[in-house]
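**Q** Generate a structure from the sequence data that follows.
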Amino acid sequence: MGRGTEQPAPVPGGERAGHRLSAPSDTDRRWRGDARCAAYCALAFVALTTLLDWGSGGLTMGRADLWALIGAVVFTVLRPARVTAGDGWVAVRGLLCERRVRTDALVSVMQYGSVSTRLVLRDVHGHVVELDPDVLVANPLLWHRLDTGARRSRRSGTLRQGGAVLDRLGERIDGGTAREILRASGLD
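**A** Numbering: from 1, shown residues only. All right, here's what the predicted structure looks like:
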């Protein structure tokens, strides 16, 4: 390279929706283990059903293919979405696509469900992300990124709905973190 032609290192993920993503980003630490568990469950399902079908004498190549296809569907259903957060954004990558919201431009935060709760974030650009709040509980760095952006949204006045949801989630996460610190220090 010649003088003055050095380019900055590319940012992971590139540019999307007109926003340059800032590095570094934080990722769900449990995702790999959860995805591996989903794969093991799908493989166990395929092995067990194929073995039972073989034991009953009804296994054919077509039925084995069917069990493999159903195993792929089981994996697809069990595979968790991958949550990543950076300065001012949260992204959720499913099997086929990635959805992203600007946390510093949130309009609403809603929580749905009683048994399997979902947190739905919507920004001023109309982008929507749905995620499991337990991911934020298990990953305080992801929560910190979301909370920092939500505080900016509150200050700028864009966040009109869901402040109480974020406050309750923050109390839950802070309480869990405090219990972990006490347990690690032997004071629990």
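**Q** Going by C-alpha atoms from here, please, whenever you check contacts or count neighbours.
**A** Will do.
**Q** Next, count neighbours for residue 57.
**A** 9 (other C-alpha atoms under 10 Å).
**Q** so it, which of the three states?
**A** Classification of residue 57 using DSSP: H, G, I helix; E, B strand; the rest coil returns coil.
**Q** What does it show for phi and psi?
**A** phi 80, psi 10 (degrees, to the nearest 10).
**Q** And for residue 98?
**A** The phi/psi pair for residue 98 (degrees, to the nearest 10) is phi -120, psi 130.
**Q** And residue 110, how far from residue 69?
**A** Distance, residue 110 to residue 69, by C-alpha to C-alpha, to the nearest Å: 36 Å.
**Q** What of residue 132?
**A** Taken as C-alpha to C-alpha, the span from residue 132 to residue 69 is 27 Å.
**Q** Those two: which has the busier surroundings?
**A** Applying other C-alpha under 10 Å to residue 132 and residue 69 shows that residue 132 carries more neighbours, namely 16 against 13.
**Q** tell me the secondary structure for the spatially most central residue of the chain?
**A** Among the residues of the chain, residue 83 comes closest to the average C-alpha position under C-alpha atoms, centre = their mean, at 2.5 Å. Here residue 83 is strand, with the state taken from three-state DSSP.
**Q** Could you report the neighbour count for residue 33?
**A** 11.
**Q** Would you map the helices across the chain?
**A** Remark: helices assigned in the chain by DSSP state H are 31-55, 61-78, 133-138, 140-156, 163-185.
**Q** Okay, domains of this protein per the record?
**A** For the chain, the structural domains run 31-78, 84-185, going by automatic domain parsing.
**Q** Adding distance to residue 25 and mean pLDDT, write those domains out as TSV.
**A** Rendered in TSV, the data for the domains of the chain read as follows (distance: least, C-alpha to C-alpha, whole Å; pLDDT from 0 to 100):
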stretch	distance to residue 25	mean pLDDT
domain 31-78	15	92
domain 84-185	4	87
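**Q** Pick the most buried one from those domains.
**A** Across these, averaging neighbours per residue (mean count of other C-alpha atoms under 10 Å) puts domain 84-185 on top, at a mean of 17.
**Q** From what I see, residue 99 and residue 93 are in contact.
**A** Yes. Residue 99 is in contact with residue 93 according to C-alpha atoms under 8 Å; the separation is 6.3 Å.
**Q** I'd like the distance between the closest residue to residue 122 other than its chain neighbours and residue 151.
**A** Of all residues not flanking residue 122 in the chain, residue 128 sits nearest, at 4.5 Å (C-alpha to C-alpha, 6 or more residues apart in numbering). Per C-alpha to C-alpha, residue 128 is found 18 Å from residue 151.
**Q** cool, and residue 167?
**A** Taking C-alpha to C-alpha, one finds residue 167 at 11 Å from residue 151.
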